[in-house]
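Peer 1: return a 3D structure for these sequence lines:
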Amino acid sequence: MSEETTEAVGGREAVGGPEAVPGLELKPALEAVLMVVDEPATEEHLARILQRPQRQIADALRELADEYTVQGRGFELRLVAGGWRFYSRPEYAAAVEGFALDGRHARLTQAALETLAVVAYRQPVSRGRVSAVRGVNCDGVMRTLLQRGLVEEAGTEPETGAILYGTTNYFLERMGLRGLDELPELAPFLPEAAAIESETLEGVPSFDPDAPDSEDADDNTEL
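Peer 2: Okay, the predicted model is just below:
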């Protein structure tokens, strides 16, 4: 017999090892898969991989999440950015931070956090508007946020041709949010930049993300 077996599932052919995936116990199988994902896994994707109905997958995931909470485990299973992934519990953040840092700088600077907040609440937004809201040039910080995958290009502004930016799925994942609608209600407190934006370089369509950092004091956002 071949080392790979093929069987039809829901009109599709699924290839598995010597033991068919459907023969595995569901919850442990889900745990094993979620231990190795590098981004939140959707219920649809997990159902396809494990060859189970999506409703069964969804129920099992929620049961696992509840079990971890009841047991007081140091990790939790959360639905974030449209998928499921393991996260350490906030109350153990100090332990995780001590291990992760271990002599390294792993936090975004205040400048980067402020810039990211403006993008999050005003998106899609141009870099000129971000700079106008913050009152300083944000090119270096925006470059860092782009390189870290927290923001991305989101079209162009019709009037000026300026590149617009928005947050990414990775941003939602890192913030532990299901969607932008879960952002705290802070947007009303951000100033409108239209009145001061005329002095910015809004007409410049973009900047080179790979360009050397300027001597801008804001541009020190290494993790």
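
Peer 1: can you give me the buried ones in the longest helix along the chain?
Peer 2: In the chain, taking DSSP state H as the definition, the longest helix is helix 54-71. Buried residues in helix 54-71, counted by 16 or more other CB atoms under 10 Å: 57-58, 60-61, 64, 68. For glycine as for every other residue, the C-beta is placed from the backbone atoms N, C-alpha and C.

Peer 1: and what of stretch 159-168?
Peer 2: Residues 162-168 are the ones in stretch 159-168 that count as buried (16+ other CB under 10 Å).

Peer 1: let me see the ranges of the strands in the chain.
Peer 2: 5-9, 12-16, 75-80, 83-88, 125-126, 151-156, 163-167 (DSSP state E).

Peer 1: domain map for the chain?
Peer 2: Using automatic domain parsing, the domain parsing of the chain gives 22-92, 110-199.

Peer 1: so what's Q54 up against?
Peer 2: When contacts are counted by CB atoms under 8 Å, 6 or more residues apart in numbering, Q54 touches 43-44, 47.

Peer 1: so which of these is surrounded by the most neighbours?
Peer 2: Among these, the one with the most neighbours (other CB atoms under 10 Å) is E43, at 19 neighbours.

Peer 1: the contacts of Q54 in helices, which ones?
Peer 2: Counting by DSSP H, the part of the contacts of Q54 found in helices is 43-44, 47.

Peer 1: so where's the chain shaky on pLDDT?
Peer 2: For the chain, the stretches with pLDDT under 70 are 1-22, 100-107, 186-223.

Peer 1: that one: helices as residue ranges?
Peer 2: Going by DSSP H, the chain shows helices at 26-34, 43-50, 54-71, 93-101, 110-122, 127-134, 139-147, 169-175.

Peer 1: so which of those helices is nearest P158?
Peer 2: Checking the helices of the chain against P158 by CB to CB gives helix 127-134 as the closest, at 14.2 Å.

Peer 1: show me what F75 is bridged to.
Peer 2: Counting by DSSP bridges, F75 forms beta bridges with S88.

Peer 1: what's it in contact with, if anything?
Peer 2: Each residue near F75 by CB under 8 Å, 6+ apart is listed here: 68, 86-89.

Peer 1: closest to K27 out of these?
Peer 2: Y68 (11.3 Å).

Peer 1: residues near the nearest residue in space to the closest one that is not next to it in sequence, how many?
Peer 2: Among residues not flanking Y68 along the chain, E76 sits closest, at 5.5 Å (CB to CB, 6 or more residues apart in numbering). Other residues near E76 number 15, with proximity taken as other CB under 10 Å.

Peer 1: ok, back up a step: for A154, find the nearest of the helices of the chain.
Peer 2: helix 110-122 (9.5 Å).

Peer 1: and that closest one, what's buried?
Peer 2: Neighbour counts over helix 110-122 (16+ other CB under 10 Å) mark 111-112, 114-122 as buried.

Peer 1: what's the answer for stretch 72-86, then?
Peer 2: Under the neighbour-count criterion of 16+ other CB under 10 Å, stretch 72-86 has 77-86 buried.

Peer 1: now distance to R129 too, for those residues, in CSV please.
Peer 2: Output for the buried residues of stretch 72-86, formatted as CSV (distance: CB to CB, whole Å):
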residue, distance to R129
L77, 38
R78, 32
L79, 32
V80, 28
A81, 25
G82, 28
G83, 31
W84, 35
R85, 33
F86, 37
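
Peer 1: most widely separated two among those residues?
Peer 2: Across those, the longest distance by CB to CB is 15.9 Å; it joins G82 and F86.

Peer 1: who are the contact partners of the residue nearest to M35 when sequence neighbours are not counted?
Peer 2: Among residues not flanking M35 along the chain, F86 sits closest, at 7.0 Å (CB to CB, 6+ apart). Applying CB under 8 Å, 6+ apart, we find F86 in contact with 34-35, 75-78.
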